[in-house]
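> for reference, the sequence and a predicted model appear below.
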Amino acid sequence: MSTVSTDHAIEIRDLEKVFRTGFKRQRVDALRGISLDVPRGQVFGFLGPNGAGKTTTLKILNGLIHPTRGEARVLGHPVGAREATSRIGFQPEHPYFYDYLTAPELLRFYGRLFGLDHRELKRRSEELIERVGLQDAQNRPIRKFSKGMKQRLGIAQAIINKPDLIILDEPLSGLDPIGRKEIRDILAELKERGATIFFSSHILAEIEMICDAVAIIHKGKMIDTGSVSRLLEQTHKSTDIIVRPPAEPLPTLDSITPHEVGELWCYTIDPAKVNTVLEALIHAGVEVVSVVNERTTLEDLFMKEIRDADNASENLL
């Protein structure tokens, strides 16, 4: 990757990371040759079970640790380059704050690290305190914050410098449903302003709602990546045809027997048979109330990809 890309905020090529742990210096392959491109302006989800290599990847992208092999670039520059670091915002999974400070004091501290002037910093910190919903706690020392409040503060410090690339490690952890909705709204606003957001999360329903694309990593290997719509459009699990029963018994169609759902009845069928079954029902004089596709969710896809990867590994043994 000798040239500077204008299309990707993150570029990873054949990235490997080996740790040595314990007294015996046992080898742990945290990353095993992963490659990934994250287009600029996207909200990109980085998925994987515990120990998959997500946090290791995020730390490499922030220049906190160095890869054993391979290369990574952020915003068109090598990881750690000064031209890039000033344009990145980062929230680790377990942020540590000086707990005797208040939230505005902490934000002013981080803002000074980025060289923001006093007037801009005061305005920016006040704006962010209100935006993440901490205005009622702004005079309280951080040691009295709940985990959810610290997550909100972590988001605020990650964007104090108006970054072009925001890297977040489990930003929704510890938040109640209202807090997750507020953070989703903030991420949507940042995307509208042109920022790229790259984050990991275990809350797959939230990722499905807000991400343009995702990558799935397992045991240090990339096992799938692509737009959320492409990954989920591959299959529908089933289709439910809801009908209002006539006076006479409902017909059994192609060995499909309806089951009762309150005052209505439901035919659960293969999506490929929808047109055929609908024609038969209408011909029989049955009133069709609705047709509902039960599509594959991101959680369904994630679990299938992990199981398939594990099965493939077992077959190689």
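Yep, it's here.
> C-alpha from now on. contacts and neighbour counts both.
Fine.
> mind listing what's buried along stretch 207-214?
Ile207, Glu208, Ile210, Cys211, Asp212, Ala213, Val214 (16 or more other CA atoms under 10 Å).
> which ones among those residues lie within strands?
Among the buried residues of stretch 207-214, the members found in strands (DSSP state E) are Ala213, Val214.
> closest one to Leu15 out of the buried residues of stretch 207-214, please.
Val214 (17.8 Å; CA to CA).
> can you pull out the helices in the protein?
In chain order, the chain shows helices spanning 54-61, 82-85, 103-113, 118-131, 147-158, 177-192, 204-210, 228-232, 274-283, 298-316, with DSSP state H as the criterion.
> can you give the domain ranges for the protein?
The chain resolves into domains spanning 8-227, 236-295 when parsed by automatic domain parsing.
> single out the most deeply packed of these.
Across those, the average number of neighbours (mean count of other CA atoms under 10 Å) peaks for domain 8-227, which reaches a mean of 18.
> chain center to that domain, what's the gap?
Averaging C-alpha positions (CA atoms, centre = their mean, to the nearest Å) puts domain 8-227 11 Å from its chain's average.
> just the terminal-to-terminal distance for it.
From its first residue to its last, domain 8-227 covers 15 Å (CA to CA, to the nearest Å).
> 21 is where my numbering starts, stick with that
Sure thing, new numbering starts at 21, so read that last one as domain 28-247.
> below-threshold pLDDT in this structure: ranges please.
For the chain, the stretches with pLDDT under 70 are 21-26, 253-256, 315, 333-337.
> from the centroid of it, which residue is nearest?
By CA atoms, centre = their mean, the chain has its centre lying nearest to Gly65, at 3.1 Å.
> for that residue, give the beta-bridge partners.
Phe219, Val234 (DSSP bridges).
> residue contacts, it?
Phe218, Phe219, Ser220, Ser221, Ile227, Cys231, Ala233, Val234, Ala235 (CA atoms under 8 Å, 6 or more residues apart in numbering).
> that older thread, hmm, which two among the buried residues of stretch 227-234 are most spread apart?
Longest span within the buried residues of stretch 227-234, CA to CA: Ile230 and Val234, 10.5 Å.
> output stretch 273-286 as PDB - backbone C-alpha positions only.
The C-alpha trace of stretch 273-286 is given here as PDB (Å, rounded to 0.1, in the frame of the first residue of the first chain):
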ATOM      1  CA  LEU A 273     -52.200 -26.800   0.500                       C
ATOM      2  CA  ASP A 274     -49.300 -28.800  -0.800                       C
ATOM      3  CA  SER A 275     -49.100 -30.500   2.600                       C
ATOM      4  CA  ILE A 276     -49.100 -27.100   4.400                       C
ATOM      5  CA  THR A 277     -51.500 -27.100   7.300                       C
ATOM      6  CA  PRO A 278     -52.500 -23.700   8.800                       C
ATOM      7  CA  HIS A 279     -52.100 -23.000  12.500                       C
ATOM      8  CA  GLU A 280     -54.300 -20.800  14.700                       C
ATOM      9  CA  VAL A 281     -53.100 -17.300  15.700                       C
ATOM     10  CA  GLY A 282     -55.800 -15.800  17.900                       C
ATOM     11  CA  GLU A 283     -58.800 -15.200  15.700                       C
ATOM     12  CA  LEU A 284     -56.800 -15.600  12.500                       C
ATOM     13  CA  TRP A 285     -54.900 -18.500  10.900                       C
ATOM     14  CA  CYS A 286     -51.400 -18.700   9.500                       C
END
